[in-house]
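In: Sequence first, predicted coordinates after that:
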Amino acid sequence: MKHVNTRYLRKLASATLASIGLLSSAQAGTGGDTKSAKDLSSQSILDAHCGLGQSFENWWNGDSFTGNWFGLNNPDNHSGVRLFASYEADMASNVVGGKKSTGFGYSDNFYFGAKFDLETLVNWKGATLTIAGIDRNGTSLTSERIGNFYPVQQDYGVQRLLFYSINLEQKLFDDQLSVKVGRFPMTDDFATSPLYGLYQNNGIDGNPKSFFTTTAFSSYPGSVWGGRVIYKPAGTDFYIKAGLFQTSDRIYDTNAQGMDWGIRGRDGISAITELGWTPTFNEKPGHFWFGSYYSSMEFTRFQDGQLSANTGGFYWHADQQVYRPIPGQDQGLSLFTNFVYQPKESVQLIPYQFACGAVYKGLIPSRPADMTVFGFTYGKFSNDYTASVSQKSGAEKVLELGYQIALNKFTAIQPNVQGIINPYGTDNHDVLVLGCRVLVTF
């Protein structure tokens, strides 16, 4: 953890120096007035920190930490460029159980980039270019202390600065058809839901974790060459997605830092389709989809170490808001479930995964933006894998309960508790983890 602490001490020192500079500027701006620092109200100091001509109150109640990105993201700014960034820190401690004594893990993910509206910039109607990067730091409690399959900190993996994505999206026929090409993973557009992002454990967060025991299903923070289309006919609640993506065993190469853009002879191709339905029942939205994928790439078999091509799987998801206390508002209870089946047990570590959960927005009436989340994940280990390591067939189960406290529109803190049952499908002692997420939108 020393390198993480040093990094953030430097950031804290820079912020402190900036604060001193702002305070000095505030005093100098009095035209020689010798007022002491104690005469400056706390509000004026806070306003100085906010800058950009806005008060602390306006900043705190705004949509993002940076306000409008120095005017660049103002709705009335027609520059054609919009910046975005977000930060997440995951902290966790195994207070009971684990392969080692109680420890602490900290990891973070800083996601940043820019969108270029090509219609505004070069009169290319319906086209958008997106460029994004990632910076990850920290340690993994799962790897160092627990020894389970589903990471208790979802933002751990490839911990360094990475070039993440560059892609061009073209919308056609009044936005009924969307075509995207470039470097990005399958998980950006397939088998994902905003509900998944409310969890710290990687069994649910982002996408079902069982997809990623091979590189056939490319995932954040890696990227590959690919393309996808989404067609949603006007006046309907249905859509269809389809995509073709490069399959590469170099997708998570930390040394390349996201800059290995080559296509090599050993690489394969993954094809994916997804059919979805997005109905609304009495103002309560729902999302249902079924998908399948196939990869031509060769992966190593567990039992004999030989290469075997042609793997894939099927997945489905369903979520539905089932209770809404106030018509016209989005507070209420939503339930969801998902399932993944990948039949080739000779190369797939988790051929079966099931997850379900409940999300209540505004459970406490005076806290309408807070989220209460509960989730359960079940992952069955491959019989071929367990036989290869002389382990009896088993499954890892994860329970997570969390409460996301919305401090404002762009900052949230989410304490949570996780229970890991049968870590890595073994009879090792179950584990109790206390965690906390910090989320900031810039």
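Out: Happy to help now that I have it. Numbers count the residues shown, from 1 in each chain.
In: When you work out contacts or count neighbours from here on, use the C-alpha atoms and nothing else.
Out: Fine.
In: residue contacts, residue 353?
Out: Residue 353 makes contacts with 208, 210, 339-341, 377-380, as judged by CA atoms under 8 Å, 6 or more residues apart in numbering.
In: can you rerun that using 6 Å?
Out: Contacts for residue 353 (CA atoms under 6 Å, 6 or more residues apart in numbering) come out as 339-340, 378-379.
In: And residue 122, by the same measure?
Out: With contact set as CA under 6 Å, 6+ apart, residue 122 has no partners.
In: end-to-end on stretch 147-163?
Out: Using CA to CA, to the nearest Å, the end-to-end distance of stretch 147-163 comes out at 29 Å.
In: got the phi/psi numbers for residue 408?
Out: phi -160, psi -160 (degrees, to the nearest 10).
In: re the thing from before, may I ask which of the contacts of residue 353 has the most neighbours?
Out: Counting neighbours by other CA atoms under 10 Å, residue 379 leads the contacts of residue 353 with 27 neighbours.
In: how about low-confidence regions in this structure?
Out: Residues of the chain meeting the criterion pLDDT under 70: 1-54.
In: For the strand of greatest length in it, which helices and strands make contact with it?
Out: Assignment by DSSP state E gives strand 81-96 as the longest strand of the chain. Counting contacts by 3 or more CA pairs under 6 Å, 6 or more residues apart in numbering; DSSP states H and E, strand 81-96 is packed against strand 104-117, strand 431-441.
In: Now do the phi/psi pair for the residue lying closest to residue 368 once chain neighbours are set aside.
Out: Excluding the flanking residues, the one nearest residue 368 by CA to CA, 6 or more residues apart in numbering is residue 362, at 3.9 Å. Main-chain torsions, residue 362, degrees, to the nearest 10: phi 80, psi 40.
In: got the contact list for residue 362?
Out: Contacts of residue 362 (CA under 6 Å, 6+ apart): 331, 368-370.
In: same check, this time on residue 384
Out: Applying CA under 6 Å, 6+ apart, we find residue 384 in contact with residue 346.
In: what's the helix or strand for it?
Out: Using DSSP states H and E, the element containing residue 384 is helix 383-388.
In: Could you list every helix and strand that the next helix or strand after that helix packs against?
Out: Beyond helix 383-388 on the C-terminal side, the first helix or strand identified by DSSP H and E is strand 395-406. Secondary-structure packing of strand 395-406 (3+ CA pairs under 6 Å, 6+ apart): strand 371-380, strand 411-421.
In: Serialize these to CSV and add fields for distance to residue 222.
Out: Output for those, formatted as CSV (distance: least, CA to CA, whole Å):
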stretch, distance to residue 222
strand 371-380, 23
strand 411-421, 26
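In: Nearest to residue 148 among these would be which one?
Out: Nearest of the helices and strands packed on strand 395-406 to residue 148, taken as CA to CA: strand 411-421 at 7.8 Å.
In: okay if I get the contacts of residue 353 as a markdown table plus distance to residue 239?
Out: Converted to a markdown table, the contacts of residue 353 look like this (distance: CA to CA, whole Å):
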| residue | distance to residue 239 |
| --- | --- |
| 339 | 20 |
| 340 | 20 |
| 378 | 29 |
| 379 | 29 |
